[in-house]
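Chemist: Kindly generate the corresponding structure for this input.
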Amino acid sequence: MARDDKERVVEAVVELVELGGLLGKAMGALALEQRRRVSIAVEMVANPSVLFLDEPTSGLDVRAARVVMAVLRRIAMSGRTILLTVHQPSSEVFAMFDRLLLLKKGGWVVYNGDLGPERFSAQHMIDYLQAAGGLSYREGSNPAEWMLEVIGAGLVQGEGTVDFVRKWEGSEEAKRLREAIEGCKEEEAISLTSRFALSFSQQAALSASRWLQCYWRDVGYSLHRLLAVVGIALLFSLNVVSLDMSRVDSQAALQSLNGVVFAGLFFSSAVQTLMGLHVIAKSRLVLNRELSSAMYAPSSFLFGITVAELPYLLLVVAIHMLIFYPIVGLWSSAGDVAVYAVSFFLFATVFCFWGQLLAALLPSAQTASLVAGPTVGIMVLFCGFFMPVSVIPWPWKIFYFAFPARYGLKAAMPPQFYCSSSCVRERQGSAPFSCDDASMSNVSSLAASPWGGWGPGCSLIIDRTRQVRASKGAAWEEANLGGGEEAHRMTVWDYWSITTESSRHDVSLFIGVLAVYVVGFRLLTLLALKYLRYIER
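Modeler: Okay, here's the model as predicted:
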């Protein structure tokens, strides 16, 4: 169908269901009755010959129910068949129906036929039930309430002496209905070449456009995640505004800077988990309905969310880089800035997609939130920051390798502490030297000549707490830093890389691992959306 034809269909449906005054408004701003009409309009644009509705007036007051039923009556008068269930309608709503299928408890048929020779009468149904032995109909009462009382299903129940099910099965009306059904010709079976009306590329494009609009309209979600990143960046970066990595001269200063970089990076990413899970949790009802209607495939739905998420994740990265990175004074090398930005983007994306995966796997947003909190806590504890992997016992070591926190932190942080020169002999090559020599007592950094170290972590510190010996052992310390019980001098990078068991050579590998997590979480989310519906009946 051409685009102009589609536009005309939409305009005709808008007029048919009386939505002209609501165009341009968000669904959240509509009343319940208006949302019902929008839902009906969504189905009508497919130009169906039959509409099935399950209690369209449920939860509506008398006026709203009358508006919805008036719309359905207009649709029926346009030549479409409408089948719907309804419980105890008002007399005005009940009068809008042409035919009635009245069921007793257990699904047994009590009446199935025309309501009356003309609207607002229900005379056929009344005459049949009275002839079958029911209570006398009181003029002016609601036929819907009266018929329920007759069959013993109303607030005021009948005597229950008449078996209306057997009466119907032996009635002339039932006989004529069976003959009419048997006289129907069997038509050729409908054959479809595809379950969906559109190709995947068309579904994906429409889904992406739809979700971009949803994200733009959902100011609360989009704005709150950005404000959270701004708050985290300022909260942690302002604690070390006077520190400079290239001039760090003590363990205390290094640990302060290390903690700030860790906290700013980790929590700016982790907050995306709790923010992201509500996207899928809030749209699950719409998703289940539209998947059942074969409007699109789950992959198209997820593609649209992914496309809509990426610009906001990039904005999160931009805000973090503009506020946190310069205030903390991280390394200004263009290559390392790019590595940090890419690592942070993938890290934040992993956490966002982790939250959406939990929302797809679990039945409610509350349950997903309860699971998301502990998983983030486990990542903090076993990411290698508070204790290196060598001291984590089995089986808890599994968390270190299985969760993505380790890979995100050790992809972004090493370049910010790196130095190409080292006080460790096994890293020095063919010209070893000791930073404990008296000749180097006045040297504060290996960035100076003749060592020419490159990187932010070349300043020298003293390992007064003997953390390196605790990590590597006395034999390694004696072989690489010198013997004795005195505290040894080393570069910031030496101390940081040994105590955190990190390496700059792993950065590119861990960036790749983060990308695998991004793809893997998305594939698992797709499977969850496809096979886990959690539809309450």
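Chemist: Where does pLDDT dip in this protein?
Modeler: Flagging of the chain using pLDDT under 70 yields the residue ranges 1, 117-121, 134, 153-161, 242, 535-537.
Chemist: In it, where's the longest helix?
Modeler: For the chain, the helix that runs over the most residues, judged by DSSP state H, is helix 251-292.
Chemist: Name the residues of the helix or strand following that helix that are buried.
Modeler: Downstream of helix 251-292, the next assigned helix or strand under DSSP states H and E is helix 298-328. Neighbour-count burial for helix 298-328 flags 298-309, 312-313, 316-317, 319-321, 323-325, 327-328 (criterion: 16 or more other CB atoms under 10 Å). From N, CA and C alone the C-beta is placed, and that goes for glycine too.
Chemist: same deal with stretch 178-198?
Modeler: By neighbour count on 16+ other CB under 10 Å, the buried set for stretch 178-198 is empty.
Chemist: Need the distance between the two termini of it.
Modeler: End-to-end distance for stretch 178-198, by CA to CA, to the nearest Å: 40 Å.
Chemist: and what of stretch 495-511?
Modeler: Start and end residues of stretch 495-511 are separated by 23 Å (CA to CA).
Chemist: Now do that stretch: everything it contacts.
Modeler: 251, 254, 258, 339, 342-343, 346, 384-385, 388-390, 406-408, 410-411, 413-415, 417-418, 424, 457, 461, 463, 467-468, 471-472 (CB atoms under 8 Å, 6 or more residues apart in numbering).
Chemist: List only buried entries from those.
Modeler: Buried subset of the contacts of stretch 495-511 (neighbour count, 16+ other CB under 10 Å): 251, 254, 258, 339, 342-343, 346, 384-385, 388, 406-408, 410-411, 413-415, 417-418, 424, 457, 461, 463, 468, 471-472.
Chemist: Can you list which of those are found in strands?
Modeler: Among these, the residues falling in strands (DSSP state E) are residue 461.
Chemist: Now do stretch 8-16: distance to the chain's middle.
Modeler: In terms of CA atoms, centre = their mean, to the nearest Å, the centre of stretch 8-16 is set 32 Å apart from its chain centre.
Chemist: try stretch 250-260
Modeler: From the chain centre to the centre of stretch 250-260 is a distance of 36 Å (CA atoms, centre = their mean).
Chemist: Go through that stretch and flag the buried ones.
Modeler: 251, 253-255, 257-258, 260.
Chemist: tell me which strands and helices the longest helix of the chain is in contact with?
Modeler: Secondary-structure packing of helix 251-292 (3 or more CB pairs under 8 Å, 6 or more residues apart in numbering; DSSP states H and E): helix 219-237, helix 298-328, helix 334-361, helix 365-381, helix 405-412, strand 460-462, helix 492-499, helix 507-531.
Chemist: among those, which is nearest residue 288?
Modeler: Residue 288 lies closest to helix 507-531 among those, at 9.4 Å (CB to CB).
Chemist: Would you mark the buried spots in that closest one?
Modeler: 507, 510-511, 513-514, 517-518, 521-522, 525-526, 528-529.
Chemist: ok now that helix, how far from the chain's centre?
Modeler: Distance of helix 507-531 from its chain centroid, counting by CA atoms, centre = their mean, is 14 Å.
Chemist: hang on, the earlier thing: could the buried residues of helix 507-531 be laid out in JSON lines, adding distance to residue 174?
Modeler: Shown next, in JSON lines, are those (distance: CB to CB, whole Å):
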{"residue": "507", "distance to residue 174": "78"}
{"residue": "510", "distance to residue 174": "73"}
{"residue": "511", "distance to residue 174": "72"}
{"residue": "513", "distance to residue 174": "69"}
{"residue": "514", "distance to residue 174": "68"}
{"residue": "517", "distance to residue 174": "63"}
{"residue": "518", "distance to residue 174": "62"}
{"residue": "521", "distance to residue 174": "57"}
{"residue": "522", "distance to residue 174": "55"}
{"residue": "525", "distance to residue 174": "51"}
{"residue": "526", "distance to residue 174": "49"}
{"residue": "528", "distance to residue 174": "47"}
{"residue": "529", "distance to residue 174": "45"}
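Chemist: Closest one to residue 370 out of these, please.
Modeler: Using CB to CB, residue 528 comes nearest to residue 370 of the buried residues of helix 507-531, at 17.2 Å.
Chemist: For the closest one, which non-adjacent residue is spatially closest?
Modeler: residue 360 (3.7 Å; CB to CB, 6 or more residues apart in numbering).
Chemist: So that neighbour is in contact with residue 525, correct?
Modeler: Yes: using CB atoms under 8 Å, residue 360 is in contact with residue 525, at 4.8 Å.
Chemist: Common neighbours of the two, please.
Modeler: residue 280.
Chemist: Can you show me the strands along the stretch 101-250 of the chain?
Modeler: Using DSSP state E, counting those that start in this stretch, the strands of the stretch 101-250 of the chain run over 108-114.
Chemist: where do the helices sit along it?
Modeler: Per DSSP state H, counting those that start in this stretch, the stretch 101-250 of the chain carries helices over the ranges 123-131, 143-150, 164-169, 172-182, 200-217, 219-237.
Chemist: Pick the most buried one from those helices.
Modeler: helix 143-150 (a mean of 21; mean count of other CB atoms under 10 Å).
Chemist: how big is the angle separating that helix from strand 108-114?
Modeler: Going by axes from the mean of the first three to the mean of the last three CA atoms, to 10 degrees, helix 143-150 is angled at 150 degrees with respect to strand 108-114.
Chemist: Mind giving me the packing neighbours of helix 143-150?
Modeler: helix 91-94, helix 123-131.
Chemist: Using a markdown table, lay out those together with distance to residue 367.
Modeler: Listed next are the helices and strands packed on helix 143-150 as a markdown table, based on distance: least, CB to CB, whole Å:
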| stretch | distance to residue 367 |
| --- | --- |
| helix 91-94 | 38 |
| helix 123-131 | 47 |
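Chemist: And the ones you listed: which comes nearest residue 447?
Modeler: Residue 447 sits nearest to helix 91-94 of all the helices and strands packed on helix 143-150, at 83.1 Å, using CB to CB.
Chemist: Surely residue 513 is in contact with residue 407?
Modeler: Yes: counting by CB under 8 Å, residue 407 is a contact partner of residue 513 at 4.5 Å.
Chemist: now stretch 219-234, how far from the chain's geometric center?
Modeler: 17 Å.
Chemist: would residue 83 count as being in a strand?
Modeler: Yes: counting by DSSP: H, G, I helix; E, B strand; the rest coil, residue 83 is part of a strand.
Chemist: Can you tell me the closest non-neighbouring residue to it?
Modeler: Nearest residue to residue 83, sequence neighbours excluded (CB to CB, 6+ apart): residue 52, at 5.2 Å.
Chemist: Mind telling me what element that neighbour is part of?
Modeler: Assigned by DSSP H and E, residue 52 falls within strand 50-54.
Chemist: buried sites along whichever helix or strand comes after that strand?
Modeler: Next in sequence after strand 50-54, counting helices and strands by DSSP H and E, comes helix 62-77. Across helix 62-77, burial judged by 16+ other CB under 10 Å covers 64-69, 71-73, 75.
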